[in-house]
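> sharing a model prediction with you, sequence too.
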Amino acid sequence: MLEIKNLHASVEGNEILRGIDLTINDGEVHAIMGPNGSGKSTLARVLAGQEAYEVTGGQVLFDGKDLLDMDPEERAREGVFMAFQYPVEIPGVSNTYFLKAALNAVRKHRGLPEMDALEFLAMVRQKMKMVQMEETLLNRPVNEGFSGGEKKRNEIFHMAVLEPRMCILDETDSGLDIDALRIVSDGVNALRSADRSFLLITHYQRLLNYIVPDHVHVLLDGRIVRSGGKELALELEEKGYSALEAIERERSAAVQPVGA
Amino acid sequence: MPMTEIQAKTISGVAGFVAEHERFQRELPAGEPSSIKALRRLAIERFAAIGFPTLRQEEWRQTNVAPIVQGTFQRPESDPDAVSPERMAPFDFPADARLVFVDGRFSARLSSVGQLPDGVVVASLAQALEHSPQSVEPWLGQFARFESHPFVALNTAFLRDGAFVSVPRGVVAGLVHVLYLSSGEEGTATVSFPRNLFVAGENSQLTIVETYAGTGPYFTCPVTELVTGPNSVVDHYKVQRESREAFHMSTFQVQADRHSVPSSHSISLGGGLVRNDVNAVLDGEGIDCILNGLYLLEGSQFVDNHMRVEHAKPHCASHELYKGVLDGKARSIFSGLIHVHKGAQKTDAKQSNRNLLLSRDAVANSNPQLEIYADDVRCTHGSTVGQLDEDAVFYLRSRGIGAEAARSLLTYAFASDIVERIKVEPVRHALEEFLFARLPKGEVVRQAV
């Protein structure tokens, strides 16, 4: 579904991603872990199309199409979704109506008829249950005055409504208490299916107790330095990133000429 | 009197207006109260003395009225009843009373006053001056000070017609719509001086909408005086949809008595060169005054909102929120003065001006000012000038909303908190429609709000 090939990206002239290779097949859940500043969130935002990040090399194919060539809205309509680390508050724009406009833009792109208000509301009610969202949050402006947990749940709710094929969760677990984490994870697990894939960006292993990944990758300095199964996350939890960083430093010192 | 003498003459500059005033006086009915005649005379003398404002004057430092000083105008001579009702249709909505003025003169044919509660008067000011001057005299010209304001002086000098609404004690009067239609053609721009007087008696209630609209080049110079009696509730709306070639120099003067709740909503959509003076004098305890405004500008439009709130007595609140959306090469000025008199303790005054610039060439200036002579007050002011939040644009796009629609949606959202405060449904609806039509991909916005 998603093929990332030797992806390089920089922001304000600083190279953050230094050659990422990653293939995500249909129905797979991949987790990307790494310390702060390793480039995890940059990867998510580059995939979603945030313009502040400049792609300086490499390729990303989504179902064989050049993802990097698409505008953010095109990516969304094609079925790529990013749950934001910091969802934006948008005063004056109703959560429901906005979502209806978004859904209809997506449906139109997929050649489906627009949903009428009744159909939409019935569908929305059902999806809300999935993330245990209170109905009052529907009628409020997007994220305005939402608590941290409510904002994250709202992201998963948007995801549930838009039914994307490739879901990217950018540190959705950060700032969540254990109850909220469980609710969000249940929501994600309910959305897992054979033709929907996930990329979980996280700093902590805890999330992966609830959403069990098929593959775990460790990102350091803009490169994937290790990949493995779900047990890799536990190993990281035990040893910490610093041990890994030390090993990586040694390894890169060994392959580069010293004192040049 | 031979017809040639009262035919419209071209007016230009201070001398032109003063000369025209001579002709104007001769047209007036003989039976008018002498106080009104004296008022006009004082006003034209004052105007002759001070002339048009210049950029050297503090109150006009950023507002260049040279196009008015250099313009040529004439007072209208067409028959206000000859205008087709189709012209007012786009601005009309159901109200308890509708007063229509064409180029500043009352059109009985287009106006309609239904059954009103006992004692409520809705009439043209000219009629009221002629038939019941005693109902007008105690108020007219008592609040809008012309001594230092050239356009109030000009309006007062030429005052004759406009809307007069009077609500007696304890009466709930309903909704009155006052519609000013103007028009002009190249070389013969009309000038009109609408003069409105709204008097709400003790414990009464009234909602008024003033709409200004037109085509071609012309100059509207209105003054509205609103008197809110003790414990009265008055909602005032002004929807300015003048033509792009029009000059609009207006003053709205509120005189509030104790425990009254005056609110003003000033919506500026049209006009080329626009100045709105809004002055509120809170002259009684416990007044709750709301002054809201929204201006949506593009092209080379210029709008100056000039606010002055006088807290003369203790325990009053004034809340001002003015928001502007500027595109193209539009310019806006917001000048807001809150003056708290000595002894006006427990004043709660808030003032906020927020501007959204949609283009590089648009400019918004904001000059808040506080003058406080009491020591136990809460006064805050703030102003912002900014662009659309790119993070919010990206957030919307990441959900599948197109870039243009996302920008329009956020622009609409910016304006919406003023729109939502409009309690008269047809006015709010018309403003929403205006926004949907103005904003690119307005149909997506309509769906998403």
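In hand now; what should we look at? Numbering: from 1, shown residues only, chains lettered A, B, ... in the order given.
> list the contacts for whatever residue of the stretch 1-150 of chain A ends up closest to chain B?
Scanning the stretch 1-150 of chain A for proximity to chain B using Cβ to the nearest Cβ identifies residue A:92 as nearest, at 2.9 Å. Just so you know, the C-beta spots here come from the backbone N, C-alpha and C atoms, and that holds for glycine as well. Listed by Cβ atoms under 8 Å, 6 or more residues apart in numbering or on different chains, the contact set of residue A:92 reads A:141, B:412, B:413, B:414, B:415, B:416, B:417, B:449.
> list the residues that contact the last one.
With contacts defined as Cβ under 8 Å, 6+ apart, the neighbours of residue B:449 are A:92, A:93, A:94, A:97, B:409, B:412, B:413, B:416.
> mind listing which of the contacts of residue A:92 are in helices?
Using DSSP state H, the members of those that fall in helices are B:412, B:413, B:414, B:415, B:416, B:417.
> could you verify my assumption that the fourth one touches residue B:293?
No: shown here, residue B:415 and residue B:293 do not form a contact pair, counting by Cβ atoms under 8 Å, at 11.1 Å.
> tell me which of the contacts of residue A:92 is nearest to residue B:256?
residue B:417 (24.0 Å; Cβ to Cβ).
> so that closest one makes contact with residue B:352?
No: between residue B:417 and residue B:352 there is no contact under Cβ under 8 Å: 10.7 Å.
> tell me which other helices or strands the least confident helix or strand in chain A by mean pLDDT touches.
Here the helix or strand of chain A ranked lowest by mean pLDDT, DSSP states H and E is helix A:231-255, holding a mean of 79. Under the contact definition 3 or more Cβ pairs under 8 Å, 6 or more residues apart in numbering or on different chains; DSSP states H and E, helix A:231-255 sits against strand A:29-33, strand A:215-220, strand A:223-228.
> distance from the chain centre to it, please.
24 Å (Cα atoms, centre = their mean, to the nearest Å).
> now do that helix: everything it contacts.
A:31, A:33-35, A:204-205, A:208, A:213, A:216, A:218, A:220-221, A:225-226, A:228.
> after the strand or helix carrying residue B:42 comes which helix or strand?
Residue B:42 belongs to helix B:34-50 when assigned by DSSP states H and E. Downstream of helix B:34-50, the first helix or strand assigned by DSSP H and E is helix B:66-69.
> so which bits of the helix or strand following that following helix are buried?
The helix or strand immediately downstream of helix B:66-69 is strand B:72-74, counting by DSSP H and E. Of all the residues in strand B:72-74, those buried under the rule 16 or more other Cβ atoms under 10 Å in any protein chain shown are B:73, B:74.
> same question for stretch A:24-41.
Buried-residue list, stretch A:24-41, by 16+ other Cβ under 10 Å: A:24, A:28-35, A:38-41.
> how about that stretch and chain B, touching?
No: Stretch A:24-41 does not reach chain B (Cβ under 8 Å from any Cβ of the partner chain); its nearest approach is 13.6 Å.
> need phi/psi at the residue of the stretch 1-150 of chain A closest to chain B.
phi 90, psi -10 (degrees, to the nearest 10).
> and for the one 4 residues further on?
Backbone torsions of residue A:96, given as degrees, to the nearest 10, read phi -70, psi -50.
> what's the burial count for the nearest residue to it once chain neighbours are set aside?
Distances taken as Cβ to Cβ, 6 or more residues apart in numbering or on different chains place residue A:138 nearest to residue A:96, at 4.8 Å, with adjacent residues excluded. For residue A:138, the count of nearby residues is 18 (other Cβ atoms under 10 Å in any protein chain shown).
> isn't residue A:138 up against residue A:120?
No: counting by Cβ under 8 Å, residue A:138 sits too far from residue A:120 to count as a contact (11.1 Å).
> and the residue in chain B positioned nearest to chain A, what is it in contact with?
Going by Cβ to the nearest Cβ, chain A is nearest to residue B:413 of chain B, at 2.9 Å. The contact partners of residue B:413, taken as Cβ under 8 Å, 6+ apart, are A:90, A:91, A:92, A:93, A:141, B:449.
> would you mind naming what in the stretch 151-260 of chain A lies close to chain B?
So far as Cβ under 8 Å from any Cβ goes, the stretch 151-260 of chain A lies against chain B at A:158, A:162.
> 6 Å instead?
Neighbours of chain B within the stretch 151-260 of chain A, by Cβ under 6 Å from any Cβ of the partner chain: none found.
> grab the nearest non-local neighbour of residue B:319.
residue B:350 (4.8 Å).
> for the one you found, name its beta-bridge partners.
When bridges are called by DSSP bridges, residue B:350 pairs up with residue B:319, residue B:380.
> surely it touches residue B:379?
No: using Cβ atoms under 6 Å as the test, residue B:350 is too far from residue B:379 to be in contact (7.7 Å).
> in the chain, what spans have low per-residue confidence?
Unless you meant another one, I'm taking chain A. A:254-260 (pLDDT under 70).
> the intended chain is chain B.
B:1-8.
> if we go to 80?
Scanning chain B for pLDDT under 80 picks out B:1-9, B:187, B:449.
> got the residues of it near chain A?
B:391-392, B:394-395, B:397-402, B:409, B:413, B:416, B:444, B:447-449.
> sorry, back to before: how about a markdown table for the helices and strands packed on helix A:231-255, with distance to residue B:430 added?
What follows is the helices and strands packed on helix A:231-255, written out as a markdown table (distance: least, Cβ to Cβ, whole Å):
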| stretch | distance to residue B:430 |
| --- | --- |
| strand A:29-33 | 51 |
| strand A:215-220 | 54 |
| strand A:223-228 | 57 |
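> looking at those strands, which is buried most?
strand A:29-33 (a mean of 24; mean count of other Cβ atoms under 10 Å in any protein chain shown).
> by contact count, what packs against that strand?
Secondary-structure packing of strand A:29-33 (3 or more Cβ pairs under 6 Å, 6 or more residues apart in numbering or on different chains; DSSP states H and E): strand A:197-202, strand A:215-220.
> so what's the gap between the next helix or strand after the first one and the chain middle?
Meaning strand A:197-202. Once strand A:197-202 ends, the next helix or strand along the chain (criterion: DSSP H and E) is helix A:207-210. Distance of helix A:207-210 from its chain centroid, counting by Cα atoms, centre = their mean, is 15 Å.
> could you list every helix and strand in contact with helix A:207-210?
Looks like helix A:207-210 contacts no helix or strand (3+ Cβ pairs under 6 Å, 6+ apart).
> can you give me the buried ones in that helix?
In helix A:207-210, counting by 16+ other Cβ under 10 Å, buried: A:207, A:208, A:210.
> from what I see, the first one and residue A:174 are in contact.
In other words, residue A:207. No: Residue A:207 is not in contact with residue A:174 according to Cβ under 6 Å; the separation is 9.3 Å.
> residues in contact with residue 201?
Assuming you mean chain A. By Cβ atoms under 6 Å, 6 or more residues apart in numbering or on different chains, the contact list for residue A:201 reads A:32, A:40, A:44, A:170, A:171.
> that was the other one, I meant chain B.
Residue B:201 neighbours (Cβ under 6 Å, 6+ apart): B:167, B:168, B:169, B:229.
> gap between the third one and residue A:101?
Right, the one you point to is residue B:169. As judged by Cβ to Cβ, to the nearest Å, residue B:169 and residue A:101 stand 50 Å apart.
> more neighbours: which of the two?
residue A:101 (26 against 14).
> give the contact list for the more buried one.
Contacts of residue A:101 (Cβ under 6 Å, 6+ apart): B:444, B:447, B:448.
> out of the residues you listed, grab the one that's most surrounded.
Top of these by neighbour count (other Cβ under 10 Å): residue B:448, with 27 neighbours.
> from residue A:104, how far out is it?
For residue B:448, the distance to residue A:104 - Cβ to Cβ - is 9 Å.
> over to residue A:2?
25 Å.
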